[in-house]
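Trainee: Pasting the sequence and the predicted model now:
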Amino acid sequence: MNSNPIHTLRGWLQEWPVYRQVTGPDRLGRGAAAQSPRSRQLRARTATADEPARSVCPYCAVGCAQLVYAQDGRVTQIEGDPDSPVSRGRLCPKGSASLSLVTGPQREEKVRYRAPFATEWTDLPLDTAMDMVADRMLDARRRGWQETDEQGNVLRRTMGLAGLGGATTDNEENYLFKKLWTAMGAVQIENQARI
């Protein structure tokens, strides 16, 4: 005889949600009565995660707050932050898919560089790539620098750089971008949201 309780009539009845609803304390069937044995064993992905880190959704300029859960150094879940006055724990479909942006197999985790006229990409150390960007910005600034105009009016600007902010950055980041580009002497400073 099979000893599995589900194979007896009483065991089968106890696993039937309607029977549990009628005979148990959950008369409306909104809690334990509606749970299957499998759903009783399920645990949230965040149950074993470390303390969540607070972040901001990277997509639009609304600035919806997110809770980023990690375990063993890997991001395991990203959810809306209910303490946020902006989004009150809600995320749009793109914000809800932030986990795949962070953990997706298509995400590049190293600096890729293709030299001018080259046909292949090469990997660079991050320090080398950052130095290349800084050197090129300083060179463009120097080559496009205008100290004065034809009448001798002081300009102190460069026409060799332009700044374009994105709508995925929040107000604080755009403020810092504006300060950086102004300090570099750029005149053409624009934002994607205005174009």
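Mentor: That came in fine, so what should we check first?

Trainee: which residues does residue 96 contact?
Mentor: The contact partners of residue 96, by Cβ atoms under 8 Å, 6 or more residues apart in numbering, come to residue 80. C-betas here are computed from N, CA, C, even on glycine.

Trainee: Equivalent analysis for residue 102, please.
Mentor: 68, 75, 78.

Trainee: For the host helix or strand of it, output the C-alpha coordinates as PDB.
Mentor: Element membership for residue 102, per DSSP states H and E: helix 98-103. In PDB, the C-alpha atoms belonging to helix 98-103 read as follows (Å, rounded to 0.1, in the frame of the first residue of the first chain):
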ATOM      1  CA  SER A  98      16.700  46.400 -14.700                       C
ATOM      2  CA  LEU A  99      17.900  43.000 -13.400                       C
ATOM      3  CA  SER A 100      18.400  41.800 -17.000                       C
ATOM      4  CA  LEU A 101      20.300  45.000 -17.800                       C
ATOM      5  CA  VAL A 102      22.700  44.300 -14.900                       C
ATOM      6  CA  THR A 103      23.000  40.500 -15.200                       C
END
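
Trainee: Next, the buried residues of it.
Mentor: Neighbour-count burial for helix 98-103 flags 98, 99, 101 (criterion: 16 or more other Cβ atoms under 10 Å).
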